[in-house]
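> need coordinates for the following:
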Amino acid sequence: MSVAENLNALRSAIPANVRLVAVSKTKPVKSIQEAYNLAQRIFGENRVQELTQKQPLLPNDIEWHLIGHLQKNKVKYIAPFISLIHSVDSFELLETINKEAAKCGRTISCLLQFHIAKEETKFGLSFEEAVALIHSEKFREMKNVKICGVMGMATLTDDESIVRKEFRELQGIFTTLKEQDFRNSKDFKELSMGMSGDYKIAIEEGSTLVRIGSAIFGERA
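Numbering: from 1, shown residues only. The predicted structure is shown next:
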C-alpha cells in the first residue's frame, strides 16, 4: 500500500481526539513531503542529527516531535524549532532544555517519559522520581519549559494483556499527576503511548498521541 492509502486507513481508524505523530526516522525527505502533501503536519524523529538534517529541507509549518532518547549535549541543536519533546527522562535533561529554550526566547513543551515496560533497556522515570522533580524548588523556577503530559513505551511482546496493563499503568500515572499537581494546567493533557503494533490498545486505554511509522511509511529502511 502507498503512503496515501496507509494514512487514509489510519485516519479512519483513529478517533478525532487522538493526534497522529508520523514517525519519519530513517525515511527520506521525499516520503515526509508526500505525507505532508496529504495534510499530515506532525512528524516524529528519534535522532537529533537526522532531524536537524531534514528540518531545513521541509516546510516551516511542520510540528516536529523528538520521540527518542535525548542527550543533554544535543538539546541546543533542536531548541530553536522543536514543538514537543516526548522523552524527558531526568531532571538534568529538563534543566538543559529550559536553559537552551531561554537562549532562543522560547518555551518548549515537554512530556515526562515513564519506564512502564518489562525491558530494562527502555528509558524513563519512576513515579517517585517524577514527583520529586515536580515538587523541587528548581523546577518551580523553570520558565522556559512546559510539562504537557506523559509518555511511555510498552514491552515489545505479542501478549496483549501485558501491553494493556502497562498502558493502563501510564494512564493512571497521568491521572494522578493531573489531579495532584497539574489540576490548574490547561496544558497538561497529553498521553503519548502506542506505536504501529499496539496503537489500537493505546487508544482504548486513553492515548491522545500515537507514534506511528511503519504503518504509514512501510518497514524501516
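> so who does the residue nearest the centre of the chain touch?
Central residue of the chain (CA atoms, centre = their mean): His86, 3.2 Å from the mean position. Each residue near His86 by CB atoms under 8 Å, 6 or more residues apart in numbering is listed here: 44, 65-67, 111, 113, 151, 192, 209, 211. Quick note: C-beta positions are derived from backbone N, CA and C, even for glycine.
> can you check Val21 too?
Contacts for Val21 were tallied using CB under 8 Å, 6+ apart; they are 42-44, 65, 67, 192, 209-212.
> equivalent analysis for Ser24, please.
Shown in contact with Ser24 (CB under 8 Å, 6+ apart): 31-32, 35, 43-45, 54, 213, 217.
> among those residues, name the ones in strands.
43-45 (DSSP state E).
> got those residues as CSV, with distance to Tyr199 and pLDDT columns?
As requested, the ones in strands among the contacts of Ser24 are exported to CSV (distance: CB to CB, whole Å; pLDDT from 0 to 100):
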residue, distance to Tyr199, pLDDT
Phe43, 16, 98
Gly44, 13, 98
Glu45, 18, 98
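> tell me the strands in the protein, going along the chain?
Under DSSP E, the chain gives strands at 19-23, 42-45, 63-66, 84-88, 108-114, 145-152, 190-192, 209-212.
> give the partner strands of the first one in its sheet and their orientations.
Each strand paired with strand 19-23, and its direction, by DSSP bridges: strand 42-45 (parallel), strand 209-212 (parallel).
> in the lengthiest helix in the chain, what counts as buried?
Assignment by DSSP state H gives helix 160-180 as the longest helix of the chain. Neighbour counts using 16 or more other CB atoms under 10 Å place 163-164, 166-167, 169-171, 173-174, 177-178 of helix 160-180 among the buried residues.
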